[in-house]
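K.L.:
predicted model, plus sequence, below.
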Amino acid sequence: MMRRINNDSGQMLLATGIILMLSLLAMAWFGVSVASLGDPYDTSSGEVLEVTDSFTEVWQPIIENRSNTLVADGADWQEAIDAATNSTSADLMRHGEHRGVEIILSDISATNNSGVFTITCEVGIADRGARLKTTSHTVVVDLT
């Protein structure tokens, strides 16, 4: 007849081995992800350059058209410029999402000099493989 032995040392050894393997796997995964952080960005990516060109082409005309429409509807100049700038930046961010490119507009400011507004912003455009940052993009809108 077989004698049953209650010895849990084999199970404990197996559990210890599994925990050790998972720890090593987690460390290896973290090491690989950290190692790729220093990779240079490829600024020659087509989508990033195309979106940058389209941003440069449409930023001023859209703000001018929207602010002129808002002023014609009775809005204050500053209010019209702020609304036009905010809606244009939101539309451009959505446009970038549809093309697979992230457009970030930061530090947007508008200064008024007797109805001539100077609007500045910092633009960051990126996708998975490329990043391009245009600093201090400026447009002038004349509402007089």
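P.N.:
Done, it's in.
K.L.:
how close does the residue nearest the centre of the chain get to Ser109?
P.N.:
In the chain, the residue lying closest to the centroid (Cα atoms, centre = their mean) is Glu102, at 4.3 Å. Per Cβ to Cβ, to the nearest Å, Glu102 is found 22 Å from Ser109. To be clear about C-beta, it is placed using only N, CA and C from the backbone, and glycine gets the same treatment.
K.L.:
ok, Thr144 next?
P.N.:
In terms of Cβ to Cβ, Thr144 sits 20 Å off from Ser109.
K.L.:
low pLDDT regions in the chain?
P.N.:
Applying pLDDT under 70 to the chain picks out residues 1-2, 5, 32-45, 133-135.
K.L.:
switch to 80 and redo it
P.N.:
1-10, 29-52, 97-99, 127-137, 144 (pLDDT under 80).
K.L.:
give me phi/psi at the residue nearest to the centre of the chain?
P.N.:
With angles defined as degrees, to the nearest 10, Glu102 sits at phi -100, psi 130.
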